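S.K.: What follows is a predicted protein model with its sequence.
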Amino acid sequence: MNQLLTGEAAIALVTLTVLEIVLGIDNIVFISILAGKLPANQRPRAQTLGLALAMISRILLLFSLTWIMRLTQPLFTVGRDFSGRDLILGIGGLFLIWKATKEIHERLEGPDSGDTTRTAPNSITMSGVLIQIALLDIVFSLDSVITAVGMSDQIVIMVLAVILAVTFMMFTARAVSSFIDRHPSVKMLALSFLILVGVTLIAESFDQHIPKGYVYFAMAFSIFVEMLNLRASARKATEPVHLRPGAYHT
């Protein structure tokens with residue numbers, strides 16, 4: 001316990017907490033968009049439960065370091081070795097790209113009236129949304145856990161950093177979600193970010209490392225430009241583009 005009171009431990013805790021928050025930004029965006037499919041009175045609960053699932057999955061993975069290390073061992077070879085981690089990242093990336101592209105199409109074009117296999121609006125339930133969040137939480141948590149392991153060798157510090165980061169995100173998730181819902185162009189930008197994250201995950205699964213700094217800089221620059229556009233639009237008092245609400249809203 002005394003080891004946690006040292007200056008080195010405090011620096012590691014603060015640094016790791018900040019990194020966990022940064023790595024959780026894409027998670028907040030994904031949860032906000034999925035929760036937006038639910039009725040307004042259920043969205044805050046879905047966001048809170050989604051982030052709670054994220055915290056639980058990260059902590060469980062931290063306590064399963066031996067299993068995580070086995071995920072890096074080759075499972076099969078097709079031109080190169082593929083591990084369990086590669087498969088998880090690749091499948092997660094494909095799912096993100098599919099989900100974000102589908103959302104963009106529905107928001108801009110609306111549901112395909114000729115698609116008779118489309119899920120009915122009433123089939124979108126809290127449990128269905130939480131299942132999707134839980135599955136993607138595992139993918140997002142891999143990077144978070146690997147970062148934690150690289151930053152500290154004390155499991156208590158790792159767990160505390162995850163708890164602090166997720167607690168912070170719980171307080172900010174509603175504001176982020178509300179802001180995205182109020183500004184259609186920001187929602188499109190957020191969905192584009194998910195496609196970018198999906199491409200990054202697929203690249204990682206093929207052992208093509210894309211420095212996260214480049215990805216986060218691109219996101220930050222895009223957000224900065226979008227803030228300028230929103231401010232310019234507010235001054236002109238122009239009517240914003242209204243996206244289709246989709247078939248999920250009641």
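M.R.: Cool, the structure landed.
S.K.: pLDDT at residue 194, what is it?
M.R.: With respect to pLDDT, residue 194 scores 82.
S.K.: And the strands in this structure, which stretches?
M.R.: Per DSSP state E, the chain carries strands over the ranges 74-77, 81-83.
S.K.: Next, format those as TSV and append distance to residue 28, mean pLDDT and mean neighbour count.
M.R.: For every residue, glycine as well, the C-beta is placed using N, CA and C. Output for those, formatted as TSV (distance: least, Cβ to Cβ, whole Å; pLDDT from 0 to 100; neighbours: other Cβ atoms under 10 Å):
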stretch	distance to residue 28	mean pLDDT	mean neighbour count
strand 74-77	32	81	10
strand 81-83	28	83	16
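S.K.: Which helix or strand in the chain has the lowest average pLDDT?
M.R.: helix 65-71 (a mean of 67; mean pLDDT, DSSP states H and E).
S.K.: what's the nearest residue to the residue nearest the centre of the chain if we skip its chain neighbours?
M.R.: Taking Cα atoms, centre = their mean as the criterion, residue 27 is the residue nearest the geometric centre of the chain, at 2.0 Å. Using Cβ to Cβ, 6 or more residues apart in numbering and skipping residues adjacent in sequence, the residue nearest residue 27 is residue 140, 4.8 Å away.
S.K.: what's near enough to touch the one you found?
M.R.: 23, 24, 26, 27, 30, 54, 92 (Cβ atoms under 8 Å, 6 or more residues apart in numbering).
S.K.: Filter these down to the buried ones.
M.R.: 23, 24, 26, 27, 30, 54, 92 (16 or more other Cβ atoms under 10 Å).
S.K.: so where is this protein shaky, pLDDT-wise?
M.R.: Applying pLDDT under 70 to the chain picks out residues 1-8, 65-66, 68-69, 110-123, 143-153, 236-250.
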